[in-house]
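S.K.: give me the fold of what follows.
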Amino acid sequence: MGVAQKGKRKLEHNGRSYFWYVQQNDEDFGRMSLNIISEDKKFIVSRLIAQSVEDKTPHIVIKGSEFVGLENHDRTGWVRVQTPTWDDRIITPGLVKTIIEWCLGPKEQLVFVDWNGNLI
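M.R.: So this is what the prediction gives:
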């Protein structure tokens, strides 16, 4: 079964369809999150918006099974890793594409963080 498309924007990248949307995250004190999902639901990530203006190193929440660097990582549940700092005050298709490319591209190492962005 595919992704429900209502209320989501579609982005085609490297022959795959991704859907993205911004939503208030009730579990994180009402902060806004960017959510990106591939059509086959193997790639699912979430990122709090406006991390670029905070003092903490930004991070992303990996909810799906597809993420370069975690192929051999035994995990259950969600994983959070540090990301580069992107200007994420305004969410654009270009930013969504940048995040997808970073998630699916090679990385030297992953730095894991807790739910609040602190190093584990």
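S.K.: every contact and neighbour count from this point should use C-alpha atoms.
M.R.: Fine.
S.K.: how about the helices in the chain?
M.R.: All helices of the chain, identified by DSSP state H, fall at 93-104.
S.K.: show me the shaky parts of it.
M.R.: 1-2, 27-28 (pLDDT under 70).
S.K.: residue 87 reaches residue 49, doesn't it?
M.R.: No. Here residue 87 does not reach residue 49: they are 9.4 Å apart, not a contact under Cα atoms under 8 Å.
S.K.: could you check which of these two has the larger neighbour count?
M.R.: Higher neighbour count among residue 87 and residue 49: residue 49, with 21 against 13, using other Cα atoms under 10 Å.
S.K.: longest strand of the protein?
M.R.: Ordering each strand of the chain by length in residues (DSSP state E) puts strand 16-25 first.
S.K.: buried residues, that strand. List them.
M.R.: Neighbour-count burial for strand 16-25, counted by 16 or more other Cα atoms under 10 Å, picks out 18, 19, 20, 21, 22.
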